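In: Coordinates only, no sequence provided:
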Ligand SMILES: Nc1ncnc2c1ncn2[C@@H]1O[C@H](COP(=O)(O)OP(=O)(O)OP(=O)(O)O)[C@@H](O)[C@H]1O
C-alpha cells in the first residue's frame with residue numbers, strides 16, 4: 001500500500017514557489033530520509049504532506065485518499081523541529097506526551113486508563129519515564145526531542161513524519177531516538193524524516209530522497225559508511241558525490257568528511 005504519494009507537486013509561500021515539481025511515494029513500512037541543502041525546501045515538502053501548506057499544483061494522496069478528503073489524521077504522527085523554546089507553557093513531560101492522544105480520544109473526553117498507559121509506554125520507549133512529572137523546560141534539547149517523539153508515538157500512528165529530529169541532539173538522546181524509531185519501524189510503521197546526517201538512524205533508513213532546486217535530484221539507498229567515514233563523528237550524509245561534483249548538490253561538499 002502506498003502511504004504517501006506526491007505527484008508533480010508545486011508549493012510555496014506568498015506566491016513564491018519553493019518546490020516546483022516534486023514526485024515521490026512512500027510505501028507502507030518504508031523508512032525514507034529526505035535530504036538536501038539548507039533552504040532547499042525539505043521542511044516545505046513535509047509541511048505540504050501534512051496539509052500545513054496548500055499545493056499550488058500537483059497532488060498528494062495519503063493512504064490512497066486525496067489529501068483534501070483525508071480525515072484520518074490520527075494515523076499520522078508529526079515531530080516538528082523543536083518544542084519552541086520559551087513557549088512559556090509550564091507543561092510537564094507527561095502532559096506534552098498526553099496531548100498526542102487528543103486526536104485519538106477527542107478533545108473533551110477525559111483521559112482514560114488506556115490513554116495513561118499509552119503515555120507511560122511511549123515515555124518508557126524513549127527512556128524518559130522517570131521524568132514524567134517534570135516541566136519540559138527542565139529537559140535538555142535532546143530530551144525535549146524525545147518527548148516530542150513520545151507524543152507522536154502515543155497516538156499510535158501508522159505514519160510518522162519527523163523534521164530533523166536529531167539536529168543538535170546529544171548522543172544518548174540520538175541513540176534512544178533511534179531505538180524508539182526502530183521499534184516503530186519493526187512493528188510495521190512508515191517513517192518519512194528530514195535529516196542532515198544519518199548518524200545513528202542510518203541502519204533504519206531504507207531510501208534517501210534528495211531535494212534540490214525545488215525537485216527531487218536523486219533517490220536511492222543510503223550510502224554505506226566506509227573508511228574513516230565510519231568512525232564516530234564522521235557519519236555524515238554524502239551519498240551523492242556525483243551530484244556534488246556536478247555542483248547540483250551543494251550540501252554534499254559542505255559536510256565535514258574532510259575533518260580529521
Ligand atoms: N512560512 C514561510 N513563509 C515564507 N517563506 C518560507 C516559509 N517557510 C520557509 N520559507 C522559505 O522557503 C524556502 C525553503 O524553506 P524550508 O524550510 O522548506 O527549507 P529546508 O530545506 O527545510 O531548510 P533547512 O534545512 O534550513 O531547515 C526558504 O527559502 C525559506 O526561506
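Out: Happy to help now that I have it. Owing to the predicted nature of the structure, the values given are computational and were not obtained by experimental measurement.
In: could you pull out the strands for the chain?
Out: Using DSSP state E, the strands of the chain run over 2-13, 16-27, 31-36, 57-62, 65-66, 76-79, 159-163, 190-194, 207-212, 215-220.
In: Of all those strands, which one is nearest residue 150?
Out: strand 76-79 (9.6 Å; CB to CB). From N, CA and C alone the C-beta is placed, and that goes for glycine too.
In: where does the closest one sit relative to the chain's centre, distance-wise?
Out: 8 Å (CA atoms, centre = their mean, to the nearest Å).
In: ok so, going back, same list, the strands of the chain, but as TSV with mean neighbour count and mean pLDDT please.
Out: Shown next, in TSV, are the strands of the chain (neighbours: other CB atoms under 10 Å; pLDDT from 0 to 100):
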stretch	mean neighbour count	mean pLDDT
strand 2-13	18	96
strand 16-27	17	95
strand 31-36	24	95
strand 57-62	18	96
strand 65-66	12	96
strand 76-79	23	89
strand 159-163	23	93
strand 190-194	23	95
strand 207-212	21	94
strand 215-220	16	92
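In: Please convert the ones you listed to a markdown table, extending it with distance to the ligand.
Out: Shown next, in a markdown table, are those (distance: least, CB to the nearest ligand atom, whole Å):
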| stretch | distance to the ligand |
| --- | --- |
| strand 2-13 | 3 |
| strand 16-27 | 4 |
| strand 31-36 | 5 |
| strand 57-62 | 16 |
| strand 65-66 | 23 |
| strand 76-79 | 14 |
| strand 159-163 | 7 |
| strand 190-194 | 6 |
| strand 207-212 | 7 |
| strand 215-220 | 13 |
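In: so which of the ones you listed comes closest to residue 149?
Out: Residue 149 lies closest to strand 76-79 among the strands of the chain, at 5.3 Å (CB to CB).
In: What is that closest one packed up against?
Out: Contacts defined by 3 or more CB pairs under 8 Å, 6 or more residues apart in numbering; DSSP states H and E place strand 76-79 against helix 141-154, strand 159-163.
In: OK, contacts around the residue nearest in space to the middle of the chain?
Out: In the chain, the centroid-proximal residue (CA atoms, centre = their mean) is residue 162; its distance is 1.4 Å. Going by CB atoms under 8 Å, 6 or more residues apart in numbering, residue 162 touches 78-79, 149, 152, 191-194.
In: ok, now residue 36?
Out: Residue 36 neighbours (CB under 8 Å, 6+ apart): 42, 210-212, 217, 251.
In: just the helices and strands packed on strand 76-79: most buried one?
Out: Mean neighbour count (mean count of other CB atoms under 10 Å) peaks for helix 141-154 among these, with a mean of 25.
In: now that helix and strand 159-163, what's the angle there?
Out: 160 degrees (axes from the mean of the first three to the mean of the last three CA atoms, to 10 degrees).
In: Quick one: neighbours of the nearest residue to residue 75 once chain neighbours are set aside, just the number.
Out: Excluding its sequence neighbours, the residue lying closest to residue 75 (CB to CB, 6 or more residues apart in numbering) is residue 158, at 4.5 Å. Residues within reach of residue 158, counting by other CB atoms under 10 Å, total 19.
In: show me what contacts residue 158?
Out: With CB under 8 Å, 6+ apart, residue 158 has these contacts: 3, 28, 63, 75-76, 189-190.
In: And residue 55, by the same measure?
Out: 9-11, 48.
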